[in-house]
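Participant: from the sequence below, what's the structure:
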Amino acid sequence: MPSAALMPAPASQRRLTKRRILCGAAALLALLLAWQVYDILTGKPDPKIDYATQFYELSASAQPEGENAWPLLVEVLDRVAVATSRLAQNREATQRFTDGTSMPGSFSDLTYQPGTSRKVRPHRAALAELDRDGTFDLLARVASMPRCVRPHITGTPFHEAHRAQIWPHLASHRHLARLQTARFAVAAHNDDWTEYLAAADQSLAVLRFLEHQPSLLEHLIAVACIDLMLSEIRLTLVEWRVNEHTARSLLSIIDRRLDLPPPEHVLAGERMLYLDQLQHTYTSSGRLPISSFGQFTAQANNPILVPAAGAGMSAREAAAEVSAILIPGRSGAERLYEEYFNEALRLTRVPGNPRDAGNWQTWSTTLPLHQIVVRATTFDPGALAASWQGTHHSIAATRLMLGLQIYIRRHGRAPASLDDLVPECLPEIPVDPLNGKGWGYRLRGPSASIASYDLWSFGRDGEDNNCYEGDGGPRHTPGTDIWINRPRSIPEGLMR
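Facilitator: Next comes the predicted model:
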């Protein structure tokens with residue numbers, strides 16, 4: 001006979017054991033829920049930190065005292081938004097392609113179409129109307145003012161109120177940037193370099209104001225618009241015989257208007273927005289409130305805030321959410337945010353490719369499950385650092401082309417080397433912020449034009465590939481260079 005130890009337990013005993021396990025699990029869950037409810041009912045909340053006031057004090061302290069340009073800037077942005085909306089509804093201004101499809105036109109069409117073409121008549125008429133109603137005079141007043149500080153945005157939580165109110169203004173800033181490039185194109189076509197200089201000065205002044213608003217969204221829009229302005233100036237140097245006075249004036253405008261705040265400024269403001277989000281997400285004990293379930297998802301290799309899919313959440317995501325509710329995590333989240341911003345600041349000062357300095361996405365996916373808020377909201381600091389490097393690369397490249405244009409107009413030919421520009425045209429040759437090195441330069445012929453030379457950057461890898469740009473893929477690809485004075489490329493299929 002088999003021993004008693006090897007005999008299976010009776011069915012009633014197995015049912016009892018299973019019942020005990022289920023009851024124990026239910027009791028544990030009830031205890032955890034009671035703990036959460038008790039904490040909500042009896043816990044004393046931490047004192048609320050007024051991050052909104054800190055944020056606006058930071059914005060104001062970075063700018064000189066004087067008249068605030070904000071009310072006039074808002075009026076300009078509103079007028080430009082109205083003009084852009086009318087163009088989008090104008091049938092004649094609609095952009096048409098050779099395959100018969102179309103899309104709403106915008107002021108940027110003037111940079112691709114002949115100045116006298118029928119298609120751009122509505123755009124030129126809109127520019128003339130904005131000029132007549134005093135919009136450009138208003139913009140000139142904005143550019144002459146020393147500071148531009150947004151009024152205190154109220155709302156709880158502050159980070160949500162802030163972002164909700166700035167989105168419309170960011171869209172209007174894009175419209176204004178496109179309109180200013182249209183002013184560039186019309187002024188160059190009309191040989192009106194006084195108007196061209198006014199548009200450049202006003203554009204960069206407004207974008208510098210935008211850079212002084214200490215949040216990441218505004219910074220990214222500002223650097224995109226600055227790059228658009230500077231690329232249009234470089235293309236103007238390729239396409240038109242700009243005289244020495246205009247080139248020197250543009251160089252002065254860039255030096256005066258693009259003395260941008262350091263990365264500490266934007267990261268300090270963004271840190272306040274993140275901590276305000278953390279403050280309003282967690283309870284005083286550090287646990288998420290039950291009502292937050294389903295608010296966040298932890299996406300592997302893509303640490304960006306994303307609304308949860310509700311019933312479509314995976315078991316891993318659901319476990320992360322439950323852990324965030326039940327396990328204390330606020331102090332740990334604050335520490336991780338400090339790590340994040342310190343790393344972002346460090347990367348902005350690293351020469352070369354900031355993405356090679358660390359793998360932040362791998363780090364974010366290794367965070368504990370109860371740090372889901374941090375995992376879901378952090379951006380890649382390498383990408384932030386790349387935006388700063390890209391902006392200063394564009395500034396340096398534009399200054400270098402302006403120095404070359406001054407030399408050409410003065411001597412009737414391009415210099416034999418970039419060193420010939422110092423000190424007559426430039427105080428020094430700027431290094432390339434993408435790699436901390438110099439620039440590629442060669443003469444193409446004896447003609448006294450901007451096309452008589454090639455100027456290129458070695459890209460993020462710092463390797464000279466003799467101005468080879470590859471097959472048209474993404475810029476900064478290893479093994480390729482960036483051709484600085486490349487002619488304008490017209491989109492395929494555009495009916496001119």
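Participant: ranges for the strands of the stretch 51-200 of the chain?
Facilitator: For the stretch 51-200 of the chain, the strands defined by DSSP state E, counting those that start in this stretch cover 95-96, 102-103.
Participant: comparing the ones you listed, which yields the minimum mean pLDDT?
Facilitator: Lowest mean pLDDT within the strands of the stretch 51-200 of the chain: strand 102-103, at a mean of 61.
Participant: quick check: end-to-end length of stretch 188-198?
Facilitator: Taking Cα to Cα, to the nearest Å as the measure, stretch 188-198 stretches 12 Å from start to finish.
Participant: please apply the same query to stretch 444-455.
Facilitator: 11 Å.
Participant: number of residues surrounding residue 27?
Facilitator: 10 (other Cβ atoms under 10 Å). Heads up, the C-betas are built off the backbone N, CA and C, glycines and all.
Participant: next, it: secondary structure please.
Facilitator: helix (DSSP: H, G, I helix; E, B strand; the rest coil).
Participant: need phi/psi at residue 437.
Facilitator: phi -110, psi -170 (degrees, to the nearest 10).
Participant: isn't it up against residue 430?
Facilitator: No: at 11.1 Å, residue 437 does not count as touching residue 430 under the criterion of Cβ atoms under 8 Å.
Participant: average pLDDT across stretch 266-276?
Facilitator: 93.
Participant: before we move on, what about stretch 462-481?
Facilitator: 82.
Participant: shaky segments in this protein?
Facilitator: 1-16, 35-36, 38-47, 95-105, 114-115, 297-313, 356-358, 445-451, 472-475, 491-496 (pLDDT under 70).
Participant: kindly recompute the last result at 50.
Facilitator: Filtered on pLDDT under 50, the chain yields the residue ranges 1, 300-310, 495-496.
Participant: just give the nearest non-adjacent residue to the residue most central in space within the chain, would you?
Facilitator: Taking Cα atoms, centre = their mean, the centroid of the chain lies closest to residue 220, which sits 1.7 Å from it. Spatial nearest neighbour of residue 220, excluding adjacent residues (Cβ to Cβ, 6 or more residues apart in numbering): residue 387 at 6.3 Å.
Participant: that neighbour belongs to a helix, doesn't it?
Facilitator: Yes: applying three-state DSSP, one finds residue 387 inside a helix.
Participant: just confirm it contacts residue 216, I think it does.
Facilitator: No: in this structure, residue 387 is not within contact of residue 216 by Cβ under 8 Å, at 9.3 Å.
Participant: distance of the residue nearest to the centre of the chain from residue 411?
Facilitator: Here the criterion is Cβ to Cβ, to the nearest Å. By it, residue 220 lies 40 Å from residue 411.
Participant: likewise for residue 319?
Facilitator: On the measure of Cβ to Cβ, residue 319 and residue 411 end up 71 Å apart.
Participant: returning to that earlier point: secondary structure element for the residue nearest to the centre of the chain, which one?
Facilitator: For residue 220, the host element (DSSP states H and E) is helix 216-239.
Participant: gap between that helix and the chain center?
Facilitator: Centre-to-centre, helix 216-239 and its host chain are 12 Å apart (Cα atoms, centre = their mean, to the nearest Å).
Participant: so which bits of the next helix or strand after that helix are buried?
Facilitator: Tracing the chain C-terminally past helix 216-239 and defining elements by DSSP H and E, one meets helix 244-257 next. Neighbour-count burial for helix 244-257 flags 246-251, 253-254, 257 (criterion: 16 or more other Cβ atoms under 10 Å).
Participant: which strands and helices sit next to helix 244-257?
Facilitator: helix 193-211, helix 216-239, helix 381-411 (3 or more Cβ pairs under 8 Å, 6 or more residues apart in numbering; DSSP states H and E).
Participant: out of the ones you listed, which comes closest to residue 118?
Facilitator: Within those, the stretch nearest residue 118 is helix 216-239; the backing value is 21.5 Å (Cβ to Cβ).
Participant: can you dump the C-alpha atoms of the closest one in CSV for me?
Facilitator: Provided in CSV are the C-alpha atoms of helix 216-239 (Å, rounded to 0.1, in the frame of the first residue of the first chain):
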residue,chain,number,x,y,z
LEU,A,216,10.3,73.2,-23.7
LEU,A,217,7.4,73.5,-26.1
GLU,A,218,8.1,77.2,-26.7
HIS,A,219,11.8,76.5,-27.0
LEU,A,220,11.3,73.9,-29.7
ILE,A,221,9.0,76.1,-31.7
ALA,A,222,11.5,79.0,-31.4
VAL,A,223,14.4,77.0,-32.6
ALA,A,224,12.4,75.6,-35.5
CYS,A,225,11.4,79.2,-36.6
ILE,A,226,14.9,80.5,-36.0
ASP,A,227,16.3,77.8,-38.3
LEU,A,228,13.7,78.7,-40.9
MET,A,229,14.7,82.4,-40.8
LEU,A,230,18.4,81.7,-41.0
SER,A,231,18.0,79.1,-43.8
GLU,A,232,16.1,81.7,-45.8
ILE,A,233,18.9,84.2,-45.3
ARG,A,234,21.4,81.7,-46.5
LEU,A,235,19.3,80.9,-49.6
THR,A,236,19.0,84.7,-50.3
LEU,A,237,22.8,84.8,-50.3
VAL,A,238,22.8,82.0,-52.9
GLU,A,239,20.1,83.4,-55.1
